[in-house]
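J.: A structural model of the following input is requested.
(one chain, ligands or ions: 1)
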Amino acid sequence: MTGTAGATATQDGEAPKRSPCSPSYDLTGKNKVVTVDGMRVKLQIWDTAGQERFRSVTHAYYRDAQALLLLYDITNKASFDNIRAWLTEIHEYAQRDVVIMLLGNKADMSSERVIRSEDGETLAREYGVPFLETSAKTGMNVELAFLAIAKELKYRAGQSADEPSFQIRDYVESQKKRSSCCSFM
Ligand SMILES: Nc1nc2c(ncn2[C@@H]2O[C@H](COP(=O)(O)OP(=O)(O)OP(=O)(O)O)[C@@H](O)[C@H]2O)c(=O)[nH]1
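T.: Prediction:
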């Protein structure tokens, strides 16, 4: 999956928001339940699934997303170069306070890597968003990405003066596995 994936969160048990997507397009929706500090948060996840060229369709569904995962492929420079265009689009069409996360996927394919981890980190820093390298094949950092999003959305929903602040970038930095880590290679 490269491009964008969006998520909206509800506390488990609530009806998820209806997707604004036209049913005539093949946008696959999946639910994922993440337990955050004992509370089950249901994420309704939508992948653009190759429909990026239908700009009006992608606008229609990330407009209402509470979180957007921007994915590139570390073995594909064009996918990395596209990220700036996605960020421009998001600034124009997404919710002002949308949670954005940058993911460099296929971290397991180190021999074919063309985008250095530092390049992803630099881009993420420039836009002030958290960054992780992931592998959908090995699962590296995948759960962490969803957990961090769920934690941020839960924190925002229940924000109160006496609650310690949650910083998604700090959380991700403290929890992430590096692609060079022996346990995943
Ligand atoms: N080795 C490896 N292969 C992956 C990884 N993620 C996806 N793939 C493979 O890459 C190919 C493309 O994956 P997709 O999820 O269809 O990629 P996409 O860019 O979203 O393509 P569309 O859905 O058509 O937009 C598939 O063969 C996946 O199995 C990964 O982390 N590691």
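J.: May I have the beta-bridge partners of the most centrally placed residue in the chain?
T.: Geometric centre of the chain, nearest residue: residue 69, 2.1 Å, by Cα atoms, centre = their mean. Residues in a beta bridge with residue 69, per DSSP bridges, are residue 5, residue 101.
J.: State whether it and residue 5 are indeed in contact, as I suppose.
T.: Yes: between residue 69 and residue 5 there is a contact at 4.5 Å, judged by Cβ atoms under 8 Å. For every residue, glycine as well, the C-beta is placed using N, CA and C.
J.: got the residue ranges for the helices in this protein?
T.: Counting by DSSP state H, the chain has helices at residues 55-62, 77-93, 117-127, 142-157, 168-175.
J.: and the closest residue to residue 173 other than its chain neighbours, how far is that from the ligand?
T.: Using Cβ to Cβ, 6 or more residues apart in numbering and skipping residues adjacent in sequence, the residue nearest residue 173 is residue 130, 7.6 Å away. Here the criterion is Cβ to the nearest ligand atom, to the nearest Å. By it, residue 130 lies 18 Å from the ligand.
J.: what pLDDT does residue 130 get?
T.: Residue 130 is assigned a pLDDT of 97 by the prediction.
J.: OK, contacts around it?
T.: Residues in contact with residue 130 (Cβ atoms under 8 Å, 6 or more residues apart in numbering) are 101-102, 124, 148, 168-169, 171-173.
J.: go again using 6 Å as the cut-off
T.: Counting by Cβ atoms under 6 Å, 6 or more residues apart in numbering, residue 130 touches 101, 168-169, 172.
J.: Please pick the buried ones from those residues.
T.: Neighbour counting by 16 or more other Cβ atoms under 10 Å classes 101, 168-169, 172 among the contacts of residue 130 as buried.
J.: quick one: which of those is nearest to the ligand?
T.: residue 101 (15.7 Å; Cβ to the nearest ligand atom).
J.: My understanding was that the closest one contacts residue 69; is that so?
T.: Yes: between residue 101 and residue 69 there is a contact under Cβ atoms under 6 Å: 5.2 Å.
J.: Next one: residue 128 from the ligand, what distance?
T.: 25 Å.
J.: Name the nearest residue to that residue, sequence neighbours excluded.
T.: Closest to residue 128 by Cβ to Cβ, 6+ apart is residue 169, at 7.8 Å.
J.: Show me the shaky parts of the chain.
T.: 1-4, 6, 8-29, 48-58, 61, 159-163, 179-185 (pLDDT under 70).
J.: ok, 80 please
T.: 1-30, 44, 46-62, 159-164, 178-185 (pLDDT under 80).
J.: which ones are touching residue 148?
T.: 168, 171-172.
J.: Recalculate using a threshold of 10 Å.
T.: Neighbouring residues of residue 148 by Cβ atoms under 10 Å, 6 or more residues apart in numbering: 34, 36, 67, 99, 101, 130, 132, 141, 166, 168-169, 171-172, 175-176.
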